[in-house]
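*Asks:* build the 3D model from these lines:
(one chain, ligands or ions: 2)
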Amino acid sequence: MLLTFEQAKQKLLQAASMTIPLANERISLIDALDRITAESIISPINVPSFDNSAMDGYAVREFDIEKSKILPLAGAIFAGDDISHLNWPTGTCLRIMTGAPVPNEADAVVMQEQTEITNAGIHFLSDIKAGSNIRRIGEDVKKNTVVFPKGKRLTIPTLSTLATLGLAQLTVFKKLKVALFSTGNELTPIGQPLSYSGAIYDSNRFTLKLLLTQLNCEIIDLGIIPDDPRQIKQALMAAAKQANLVLTSGGVSVGDADYTKTALEELGQINFWKIAMKPGKPFAFGQIGEALFCGLPGNPVSTLVTFYQLVQPLILALSGNVESSLSNLSFKVNTATDLKKSPGRLDFQRGVLQTNNKGELEVTTTGQQGSHITQSFNHANCFIVLDQELGNVSKGEQVTVELFNALLK
Ligand code: AMP
Ligand code: MG
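*Replies:* Ligands and ions are numbered 1, 2, ... in the order given. The predicted structure follows:
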């Protein structure tokens, strides 16, 4: 019996939870995009740090307004003004701009549009609600509270919040070191001519490097290793010494030149091999020394799907990310096309989710789903996830789709 996809994923995450956490480093906020917090971040200040005006308008005292709807103007407060020595006579109002400090005695700011200027002063046209248009101290972030917990992946909005706190540096986990190599006698590095008809380009190593860059890993590229057990073992040993995680592509299936799995058996431990998923059945997972190992199948679509579905969550967990911010949004929609499926494996077909002319969401297959058809990914924006025991699906039936996350954008 093959492992189910969920079982395989659980095994990966369980192995990740048993590894020693990465060391910390202190870095500038500007370099922290997509990094993971290594300690909780406590706010050193209140945001806003003082009561301030949400509008361009007039600051008033409630009891003044109750007495008269027209108040003479006593002065103006601009953003950036220091009002510690402000003198504000009762029975008057103050002109105030957005972001300017609101005096303690003010009960409200009245927006300019609800007033008119008269010879006797400012005429307030409507009733005043106490507290209106005043942004209160600490309303956004309170001083000495946890803004983000440890294990948070930092996005542009989260870094923007940290900038409002004035933090120029923060402590994050060091980058995960990932070593990778491709296996296959047929492989030629991109940029070089294919010298014979059985040669192909090593596209997987290129794809994997892009994916690892997106996930902020430190990449150790060990190039192309021929289908030679001795060289594969050497490469695996070198990789495991330098990295937290070792990735390979190819050589994990049942062919006569598939040596990666046997090399893993000899050098370390296999946790599992083969998953009931399509594409991506010949996926190997194990450990060599301190490093975890994922052997990805060689077909380019299988490499991409298994990386996305299995290696991505593993890398996020190993990187210290507690609650993945790259999690997958999935929901049910009708398929606008028939879908070919044989029972036995969980399918991750590629689809295009779009709205039809009735304004409803529906999904269309990208066509041929072979694990060598890289074009099946190109126009896709989602996976059509078809349960292990499901057979063919007809047009109009409901299916589960999983939107691609930022990794594939
Ligand atoms: P394998 O898993 O080694 O049996 O390879 C399965 C298929 O993927 C074969 O058609 C290989 O030629 C192809 N393949 C293997 N490695 C790569 C690679 N690095 N880039 C592109 N295709 C590959
Ligand atoms: Mg091969």
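*Asks:* what separates residue 150 from residue 96, distance-wise?
*Replies:* Separation of residue 150 from residue 96 (C-beta to C-beta, to the nearest Å) stands at 41 Å. C-betas here are computed from N, CA, C, even on glycine.
*Asks:* so which of those two has more stuff around it?
*Replies:* For residue 150 versus residue 96, the count of surrounding residues by other C-beta atoms under 10 Å is larger for residue 96: 31 against 16.
*Asks:* how close does the more buried one get to residue 104?
*Replies:* 13 Å.
*Asks:* now residue 43
*Replies:* When C-beta to C-beta is applied, the distance between residue 43 and residue 104 equals 23 Å.
*Asks:* more neighbours: the two, which one.
*Replies:* residue 43 (22 against 9).
*Asks:* tell me the pLDDT at the more buried one?
*Replies:* According to the per-residue confidence, residue 43 scores 98 in pLDDT.
*Asks:* next up, the contacts around it.
*Replies:* 141, 142, 143, 144, 145, 147, 165 (C-beta atoms under 8 Å, 6 or more residues apart in numbering).
*Asks:* which positions within the lowest-mean-pLDDT helix or strand in the chain qualify as buried?
*Replies:* Per-element confidence for the chain was summarised using mean pLDDT, DSSP states H and E. The lowest value among helices and strands belongs to helix 375-378, with a mean of 93. For helix 375-378, a neighbour-count test (16 or more other C-beta atoms under 10 Å) marks 376, 377 as buried.
*Asks:* dump that helix to CSV, restricted to CA.
*Replies:* Taking Å, rounded to 0.1, in the frame of the first residue of the first chain, the C-alpha atoms of helix 375-378 are listed here in CSV:
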residue,chain,number,x,y,z
GLN,A,375,2.8,23.8,-20.5
SER,A,376,0.1,22.3,-18.3
PHE,A,377,1.3,24.8,-15.6
ASN,A,378,1.7,27.9,-17.7
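*Asks:* what's the distance between it and the middle of its chain?
*Replies:* Here the centre of mass of C-alpha atoms in helix 375-378, compared against the chain's by C-alpha atoms, centre = their mean, to the nearest Å, lies 22 Å away.
*Asks:* that helix - contacts with which helices or strands?
*Replies:* Using 3 or more C-beta pairs under 8 Å, 6 or more residues apart in numbering; DSSP states H and E as the contact criterion, the neighbours of helix 375-378 among helices and strands are helix 300-306.
*Asks:* can the helix it packs on be said to contact ligand 2?
*Replies:* No: with C-beta under 5 Å from the ion as the measure, helix 300-306 is seen stopping short of ligand 2, the closest distance being 11.8 Å.
*Asks:* what helices or strands is the next helix or strand after that helix leaning on?
*Replies:* Moving toward the C-terminus from helix 300-306, the first helix or strand encountered (DSSP states H and E) is helix 312-318. Helices and strands touching helix 312-318, by 3+ C-beta pairs under 8 Å, 6+ apart, are helix 5-17, strand 245-249, strand 291-296.
*Asks:* give me the neighbour count for the residue in the stretch 201-350 of the chain positioned nearest to ligand 2.
*Replies:* The shortest separation between the stretch 201-350 of the chain and ligand 2 is 4.0 Å, found at residue 250 (distances taken as C-beta to the ion). Burial measure for residue 250: 30 neighbouring residues, criterion other C-beta under 10 Å.
*Asks:* and if you look at residue 44?
*Replies:* Other residues within reach of residue 44, judged by other C-beta under 10 Å, total 12.
*Asks:* now do the one 4 residues further on
*Replies:* Using other C-beta under 10 Å, residue 48 has 19 other residues around it.
*Asks:* now do the contacts for it.
*Replies:* With contact taken as C-beta under 8 Å, 6+ apart, residue 48 is in contact with 135, 136, 137, 138, 139, 140.
*Asks:* low-confidence bits of this protein, can you list those?
*Replies:* For the chain, the stretches flagged by pLDDT under 70 are 324-325, 327.
*Asks:* flag every residue of it that's near ligand 2.
*Replies:* Among all residues of the chain, those adjacent to ligand 2 (criterion: C-beta under 5 Å from the ion) are 184, 250, 251, 298.
*Asks:* gap between the residue lying closest to residue 149 once chain neighbours are set aside and ligand 2?
*Replies:* The spatial neighbour of residue 149 that comes closest, neighbours along the chain excluded (C-beta to C-beta, 6 or more residues apart in numbering), is residue 40 at 4.9 Å. Remark: distance between residue 40 and ligand 2 (C-beta to the ion, to the nearest Å) = 46 Å.
*Asks:* same question for residue 112.
*Replies:* Residue 112 is 72 Å from ligand 2, where distance means C-beta to the ion.
*Asks:* thanks a lot, see you next time.
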